[in-house]
Every structure is written in C-alpha cells, then in structure tokens.
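Novice: quick one: sequence and predicted model below, then my questions.
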Amino acid sequence: MGHCFSLPSSSSEIHEENEHGDGNAVVCYGEELGLDHELPVHHLGSVCSLQGSKVLNQDNAVLYLGYGSKDAELCGVFDGHGKNGHMVSKMVRNRLPSLLLTFKEQNQESHVSEEEAHKWEKACFTAFKLIDRELLLQVFDCSFSGSTAVVAITHGDDLMIANLGDSRAVLGMITEDGEISAVQLTSDLTPNVPSEAERIRMCKGRVFAMTAEPGSKRVWLPNHDVPGLAMSRAFGDFKLKDYGVIAVPEISHHRITSKDQFIVLATDGVWDMLSNDEVVSLIWSSEKKEAMAAKLVAEAAEALWKKNLKSSKIDDITVICLFLHNKEQTSCTIDT
C-alpha cells in the first residue's frame with residue numbers, strides 16, 4: 001500500500017522525492033486540500049500498477065485530486081515501450097499535469113468567453129505537442145522508445161479525455177434497468193484502424209502483421225523490418241515520426257450525469273485480458289469498490305495472464321478508477 005502526499009497544484013511537477021510506493025503509481029493532492037483532508041469535496045479513487053515479466057515496470061500513472069481547483073481531478077496512465085520506455089512514460093507523467101494547467105490558465109486569460117471544455121481541449125493539444133518536443137532534449141534515446149497516454153480531467157460536470165495510443169478509458173454507467181454498463185470513451189489508436197494505417201502509408205511507413213500475430217498490425221520503417229510498433233500514435237518513437245506515427249491526441253468531451261458512476265483508465269495489460277464489461281462489472285460488484293477497485297482489476301488481469309498465456313511474458317498492468325459522485329471525505333489509495 002502506498003501513501004497520499006501533497007503537491008502544489010499549478011507550478012510544480014511531480015518529482016521523485018515526492019513519490020511513495022514503487023514510484024510508478026502516485027496520488028497527488030492540490031494545495032487547496034492541504035494535508036488535513038478535512039474538505040469533503042473530492043471523489044474517491046484508487047490506482048494500482050503491477051510489474052509484469054519485464055526487468056522494469058514501464059507503466060506510470062497519476063491520480064491528482066484538487067487539480068487546479070477544488071472541483072477538478074486529473075488521472076492518467078502511461079505505457080512505455082522500447083529500451084527507454086520506462087523513462088519516457090515517467091517523464092510524461094511528471095510533466096503533463098503542470099503543463100496542462102499552465103496552458104489552460106493561458107486560455108482562461110485570452111479567451112474568457114470560451115467554454116471550459118474547449119479551453120481544456122486546446123491545452124491538451126498544446127501540452128502534448130510540447131512534451132514530445134521536450135523528449136527530443138532528454139539524455140536518454142527516444143529513437144525507438146515511447147509511451148502511450150490516456151488522460152481524464154473532471155471539472156464539475158465536464159469530463160475531458162485525451163488519448164494517445166492503445167491505453168483506454170471506459171465509463172461505468174447505470175442503465176434504465178438498473179444494471180451497470182460499460183461505455184468506451186476512447187478508441188485504441190493502432191495500425192489496425194484503417195484511417196491510422198492510411199496516414200502511416202501515406203507517409204511511406206509500412207503496416208503489416210507478423211505471421212505469429214496475424215491479427216495485430218504493426219508499424220515498420222520503409223526499408224527495414226524495425227521496430228514493429230503496435231500503436232499508431234505515441235510520445236517519442238522519433239525514428240517513426242517522419243513515417244506517420246504522431247503525438248497528436250484524440251480528444252473527447254462527456255457531460256457527467258447521475259447515471260455515470262465511475263471511469264476506469266488502464267494500459268493494454270488489462271484490456272488484453274478483460275473486456276470493458278468485465279472490468280466495470282468487477283468494480284461494481286465489489287463490496288469495497290472505491291478503495292479496492294484498481295487493485296481488484298489489476299489482480300484479475302494478472303491472474304488471467306498467468307492462466308491463459310503460461311508461456312508468454314506477462315505485460316505490465318496499470319489501472320486507475322475514479323468514482324464520479326461519491327463526494328465524501330477525500331480518499332484515495334495506491335496499491336502495488
């Protein structure tokens with residue numbers, strides 16, 4: 001079990017000295033909350049990251065309560081790949097929250113009449129673009145290393161989603177029959193999507209599946225059978241940026257209603273094993289769903305990896321669950 005900690009809400013990044021647990025999954029409190037946790041204004045959430053069979057856990061995640069204002073939260077999961085993928089995903093996690101707030105505040109000053117959702121959308125496009133540029137300046141090589149990103153921001157009844165790659169956001173909502181149902185909020189941005197593959201081919205990149213994985217198309221350089229990237233959008237991967245792989249997120253807006261119960265963000269280590277409906281049903285049927293949701297999903301996915309693919313390497317697994325209406329005393333957990 002990790003711990004919650006304080007982090008200023010606007011100007012500071014997430015630094016290693018602030019991290020608790022294993023450092024891959026962190027929870028932040030904005031300065032409005034302080035450390036006494038006496039303000040009953042925020043949703044309940046949990047985050048869990050489990051290392052797979054690789055030497056390092058290349059996933060990173062952040063759950064940020066009191067994100068810039070008392071009625072806002074941010075959560076994001078980042079799945080690194082390649083030799084230095086763990087460093088890419090960590091850098092993105094540490095920089096993105098502060099950059100988003102910075103650009104959102106700039107939009108606030110210059111476009112007062114715009115809706116909040118549009119301001120967040122513009123901030124996301126700008127922040128993602130800048131982070132990809134900053135990765136070029138890092139001491140570690142990002143030629144064939146990168147990271148996905150799926151970020152959710154709740155601000156009052158507005159839910160903004162920015163997505164890059166094949167991590168996923170899913171909404172758990174109550175149907176008219178009183179049953180829990182899953183609504184996928186993002187598209188898996190992979191070369192299997194015809195429009196994504198077309199863009200890559202138009203840029204002279206190649207898209208094809210390996211014989212051993214006929215259902216999974218990958219991105220390859222024009223004249224070399226490398227690197228075989230399984231996603232069509234990502235931070236980093238600069239050798240592929242001239243061949244159609246981009247760091248431009250898909251952004252969507254959802255108006256939260258009384259039927260919407262929680263959102264789940266997770267890396268593909270979850271979605272490769274569990275369907276959307278299985279994940280939301282698992283969370284909703286748990287007696288301690290708020291505190292244990294992320295850990296419950298992560299452990300279920302891990303168990304299926306071990307059971308179904310005994311000869312294969314287990315992927316890293318990272319989950320965030322944020323409940324949308326349980327505004328009791330601020331509470332969050334990190335599970336490792």
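Specialist: Noted; the coordinates are in hand.
Novice: pLDDT below threshold where in the stretch 1-150 of the chain?
Specialist: Applying pLDDT under 70 to the stretch 1-150 of the chain flags residues 1-22, 31-42, 109-114.
Novice: mind doing that once more with 50?
Specialist: Along the stretch 1-150 of the chain, segments meeting pLDDT under 50 span 1-12, 16-21, 32-41.
Novice: that one: strands as residue ranges?
Specialist: Along the stretch 1-150 of the chain, counting by DSSP state E, counting those that start in this stretch, strands occupy 5-6, 25-29, 44-50, 59-65, 72-81, 146-147, 149-155.
Novice: tilt between the fourth one and strand 72-81?
Specialist: Orientation of strand 59-65 against strand 72-81 (axes from the mean of the first three to the mean of the last three Cα atoms, to 10 degrees) gives an angle of 180 degrees.
Novice: who's sitting farthest from the centroid in the chain?
Specialist: Ranked by distance from the centre of the chain (Cα atoms, centre = their mean), the top residue is residue 223, with 32.5 Å.
Novice: check for me that that residue belongs to a strand.
Specialist: No. Using DSSP: H, G, I helix; E, B strand; the rest coil, the assignment for residue 223 is coil, not a strand.
Novice: re earlier: mean neighbour count and distance to residue 255 added to the strands of the stretch 1-150 of the chain, as CSV?
Specialist: The way it works is simple: take the backbone N, C-alpha and C, and place the C-beta from them, glycine included. CSV is the format used below for the strands of the stretch 1-150 of the chain (neighbours: other Cβ atoms under 10 Å; distance: least, Cβ to Cβ, whole Å):
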stretch, mean neighbour count, distance to residue 255
strand 5-6, 14, 31
strand 25-29, 26, 25
strand 44-50, 27, 20
strand 59-65, 28, 21
strand 72-81, 27, 15
strand 146-147, 34, 29
strand 149-155, 25, 11
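Novice: right, so of the ones you listed, which gets closest to residue 209?
Specialist: Set against residue 209 and scored by Cβ to Cβ, these come closest in strand 72-81, at 17.3 Å.
Novice: so what secondary structure elements neighbour the closest one?
Specialist: Using 3 or more Cβ pairs under 8 Å, 6 or more residues apart in numbering; DSSP states H and E as the contact test, the elements touching strand 72-81 are strand 44-50, strand 59-65, helix 85-110, strand 146-147, strand 149-155, strand 260-266, strand 317-323.
Novice: need the ones you listed in CSV (columns: distance to residue 228).
Specialist: What follows is the helices and strands packed on strand 72-81, written out as CSV (distance: least, Cβ to Cβ, whole Å):
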stretch, distance to residue 228
strand 44-50, 25
strand 59-65, 20
helix 85-110, 14
strand 146-147, 13
strand 149-155, 20
strand 260-266, 23
strand 317-323, 22
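Novice: now stretch 176-190: buried residues?
Specialist: 180, 181, 182, 185, 186, 188, 189, 190 (16 or more other Cβ atoms under 10 Å).
Novice: sorry, wrong one. I was asking about stretch 219-235.
Specialist: For stretch 219-235, using 16+ other Cβ under 10 Å, the buried residues are 219, 220, 221, 227, 228, 229, 230, 231, 232, 233, 234, 235.
Novice: now do the same for the residue lying closest to the first one once chain neighbours are set aside: its pLDDT.
Specialist: The spatial neighbour of residue 219 that comes closest, neighbours along the chain excluded (Cβ to Cβ, 6 or more residues apart in numbering), is residue 229 at 4.2 Å. According to the per-residue confidence, residue 229 scores 98 in pLDDT.
Novice: list the contacts of residue 87.
Specialist: Contacts for residue 87 (Cβ atoms under 8 Å, 6 or more residues apart in numbering) come out as 80, 138, 140, 145.
Novice: tell me who's in contact with the residue nearest to the second one when sequence neighbours are not counted.
Specialist: In this structure, residue 138 finds its nearest non-sequential neighbour in residue 91, 6.7 Å apart by Cβ to Cβ, 6+ apart. With contacts defined as Cβ under 8 Å, 6+ apart, the neighbours of residue 91 are 131, 134, 135, 138.
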